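Peer 1: Here you go, sequence then predicted model.
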Amino acid sequence: MNDSTNNVSATGRALGESTIQIRNMHKWYGEFHVLRDINLDVKSGERIVVCGPSGSGKSTMIRCINRLEEHQQGDIIVDNVELTNDLKNIEAVRREVGMVFQHFNLFPHLTVLENCTLAPIWVRKQPKAEAEAIAMKYLERVKIPDQALKYPGQLSGGQQQRVAIARSLCMSPKVMLFDEPTSALDPEMIKEVLDVMIELAEEGMTMICVTHEMGFAKTVADRVIFMDEGQIIEENEPDQFFNNPQSERTQLFLSQILAH
Amino acid sequence: MSESTQTKYEPGQHPSLPPPFKTRGVALWLKENLFSTPTNVVLSLLAIYFLYKVVPGVLEWSLFDAAFTGNDRNECRAQAGGACWAFIGERLQLFTYGFYPEAERWRVNLSFVLLVVCSVGLLWENCPGRKWIIALSVVFPFAAAFLLVGGNGVKLFVALACVAVALALMFRGSSTTFVIVIGAVCAFLAKFIFFGGITLPFTDIHVGGIIDLDDYTFLNLPEVSTDLFGGFMLTLIIGVTGIVFSLPLGILLALGRQSNLPIVKYACVVFIEFIRGVPLITLLFVASTMLSYFLPPGTTFNLLIRVLIMVTLFASAYMAEVVRGGLQAVHKGQTEAADALGLKYWPSMRLIVLPQALKISIPAIVNTFIGLYKDSTLVIVIGLLDPLGIGRASLADTKWNGLTNEVYLFVAIFFFISCYAMARYSLYLENKLHTGHKR
């Protein structure tokens, strides 16, 4: 793992050690084979964008990484902890992996600040004052410290998604998973969320992002992964991926989404 | 479109104008609300005619032509042709306390005052000294039981203190084994020192019982048999006990019903479906007669306690279904977000899911409370004297023969006031907890 040639990103950035390893992972919903032989290795500091048509298993794959979905075969190792049925392992992984959802999933009965301090207080056992100070720091980073005492229902979609990002960051995760973070937003609000994500990427956060924002993929990603029918079809650095796609399926997909 | 605006404003420059002048005045209000369409006119007139016919008669009977003094029915009738409230006045004590001994009624009053203080503290968030009142509410059920039934106060106090010490020690431990061991040690010590000591197994040697609490009588209250309980006091005892215990039990049952553990799940399903499938009266009969067949011979088990348990179980089955509805209405993303943040099952339920589920279910929860409260009158069938039972007994008095209307109206008013108060509080709570679009 310390082999230096391994620890350089496709775009030439220096990377840390491997944080997420997925090996020969399969998943079924009942009889339906959703994920087929997924292999993925994510290094610390690496930014990965996952794209593909809907129903291709992108979301399911990243939801397996923090065990919101259970895989039935193969191994997933996150931060040296293997995901098994052992609750202790699952909790350990979830503490280190932050997740941002398409529909924000903020807690509507709590204020923005309480949303951000809840997990640090209850999971990390931080004192309330400290948790609040940290939360305010992250709310400032996502540029909404003035909304701290409001309820999520009083904010716009873009603001809510930025709160959701801040909420995850308050747990100081090692990896951030983004599950179509901008798909439920109005066009005007997409940019404010993407800006926050780009900033986060520039600070060296390990990120796996399921998104249809190809501009984001081009500027930020170290690697783009294309999925279809539950398989990883193609995996490449963004330059190669967009300009010189290898498989026919990828070419078709790109021609469709870049056409309009 | 009728008036064109004269000035053109740049985007963002248009001043905020007040909304167009709302039509005011009684005549306009009447026209808009009561006489807007022919059907509306007819219905309004019918309603007014109905009120005109009914209201004066009711007021006449209940207030203007009613007798408030008098020693029996004939004296009432001599004064006025309407209601005879003197009857209720004479029986008011009976309606309130049942047959509770007169000299001891201050205990009931004190319990009631404590109940009011606790309720105000728990229900009103900005109440001064709320912390203390919440602490008091934890002790309240025991204090009230002691006040109402009587007995050796020191014993109760020591028992409570032992439980408190045990709990305080148990909450320091992290592992389940530690907690169980500490609990067992505390129970053993309490029995050894205070509660009669221990007979060593396989021998007749009796050790312990160092302090005999029966010697300390300064906190003793004369015992009052629960057979003497009755009237509104009994309604409140059953209602409050049922309400206080059925909600937590219902929540546990609802969570259990959604559990992934099959044994827990099916135990909850069977319990809920069985209790819901049986009428309360049947359960009360079971409580009053059949339960003694199932219990080991010689065990006496107070009838009132049996009724309280049955009423609580009955209400909790309904509560479980109400809460389950609320749980299902909470979006799945909420648990996922809590999971993703690393919260475990209980914190995630307590902090994220239940607050939202319970908020959604407030109207239905209060509905169940009100139903339970009114159902407490069913205990009449097993011979407990709730207000209706007292009323019926009073009507048997030849002195006051035939005053049925007064009795039932009086009881109805009592129930209406309590239930309406609950309904209003539920509305207040719904508004207070509404965080969605508060500006």
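Peer 2: That came in fine, so what should we check first?
Peer 1: Mind checking what secondary structure residue B:371 has?
Peer 2: helix (DSSP: H, G, I helix; E, B strand; the rest coil).
Peer 1: Correct me if wrong: it contacts residue B:314.
Peer 2: No - using CB atoms under 8 Å as the test, residue B:371 is too far from residue B:314 to be in contact (9.9 Å). In short, each C-beta sits where N, CA and C put it, glycine included.
Peer 1: Tell me which helix or strand comes right after the helix or strand hosting residue A:34.
Peer 2: Residue A:34 belongs to strand A:32-43 when assigned by DSSP states H and E. The C-terminal neighbour of strand A:32-43 among helices and strands, as given by DSSP H and E, is strand A:47-51.
Peer 1: List the pairing partners of that next one within its sheet, with orientation.
Peer 2: Strand A:47-51 sits in its sheet next to strand A:206-210 (parallel), strand A:223-228 (parallel), going by DSSP bridges.
Peer 1: following the shortest one, which helix or strand shows up next?
Peer 2: Following the chain from strand A:206-210 toward its C-terminal end, the next helix or strand by DSSP H and E is helix A:214-220.
Peer 1: how close does residue B:51 get to chain A?
Peer 2: Going from residue B:51 to chain A by CB to the nearest CB, to the nearest Å gives 43 Å.
Peer 1: and for whichever strand or helix holds that residue, what are the contacting residues?
Peer 2: In this structure, residue B:51 sits in helix B:38-59 according to DSSP H and E. For helix B:38-59, contacts defined as CB atoms under 8 Å, 6 or more residues apart in numbering or on different chains pick out B:34-35.
Peer 1: Can I get stretch A:100-110 in CSV, CA atoms only?
Peer 2: Written as CSV, here are the backbone C-alpha positions of stretch A:100-110 (Å, rounded to 0.1, in the frame of the first residue of the first chain):
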residue,chain,number,x,y,z
VAL,A,100,-25.4,13.7,1.6
PHE,A,101,-28.8,12.6,0.2
GLN,A,102,-30.7,13.7,-2.8
HIS,A,103,-33.7,14.8,-0.7
PHE,A,104,-31.4,16.4,2.0
ASN,A,105,-33.1,14.3,4.8
LEU,A,106,-32.6,17.1,7.4
PHE,A,107,-34.5,16.6,10.6
PRO,A,108,-37.4,19.0,10.3
HIS,A,109,-38.2,19.2,14.0
LEU,A,110,-34.7,20.4,14.9
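Peer 1: quick one, strands of the stretch 51-200 of chain A?
Peer 2: Assigned by DSSP state E, counting those that start in this stretch, the stretch 51-200 of chain A shows strands spanning A:73-78, A:81-82, A:97-100, A:175-179.
Peer 1: what's the average pLDDT for the third one?
Peer 2: I take that to be strand A:97-100. Per-region confidence: strand A:97-100 scores 96 on mean pLDDT.
Peer 1: Adjacent strands (with direction) for that strand?
Peer 2: Strand A:97-100 is paired, per DSSP bridges, with strand A:175-179 (parallel).
Peer 1: list the contacts for whatever residue of the stretch 1-150 of chain B ends up closest to chain A?
Peer 2: The minimum distance from the stretch 1-150 of chain B to chain A, using CB to the nearest CB, falls at residue B:125 (14.7 Å). Neighbouring residues of residue B:125 by CB under 8 Å, 6+ apart: residue B:432.
Peer 1: Now it: phi and psi?
Peer 2: Torsion angles at residue B:125 (phi, psi; degrees, to the nearest 10) stand at phi -70, psi -30.
Peer 1: And the one 5 residues further on, by the same measure?
Peer 2: Comment: the main-chain dihedrals of residue B:130 come out as phi -60, psi -40, following degrees, to the nearest 10.
Peer 1: secondary structure element for residue B:29?
Peer 2: For residue B:29, the element it lies in under DSSP H and E is helix B:26-33.
Peer 1: Could you check the angle that helix makes with helix B:38-59?
Peer 2: With axes from the mean of the first three to the mean of the last three CA atoms, to 10 degrees defining the directions, helix B:26-33 sits at 110 degrees from helix B:38-59.
Peer 1: which strands and helices sit next to helix B:26-33?
Peer 2: Contact partners of helix B:26-33 among helices and strands, from 3 or more CB pairs under 8 Å, 6 or more residues apart in numbering or on different chains; DSSP states H and E: none.
Peer 1: so how far is it off the chain centroid?
Peer 2: Relative to the chain's own centre, helix B:26-33 is displaced by 42 Å; criterion: CA atoms, centre = their mean, to the nearest Å.
Peer 1: avg pLDDT for that helix?
Peer 2: Averaging pLDDT along helix B:26-33 gives 81.
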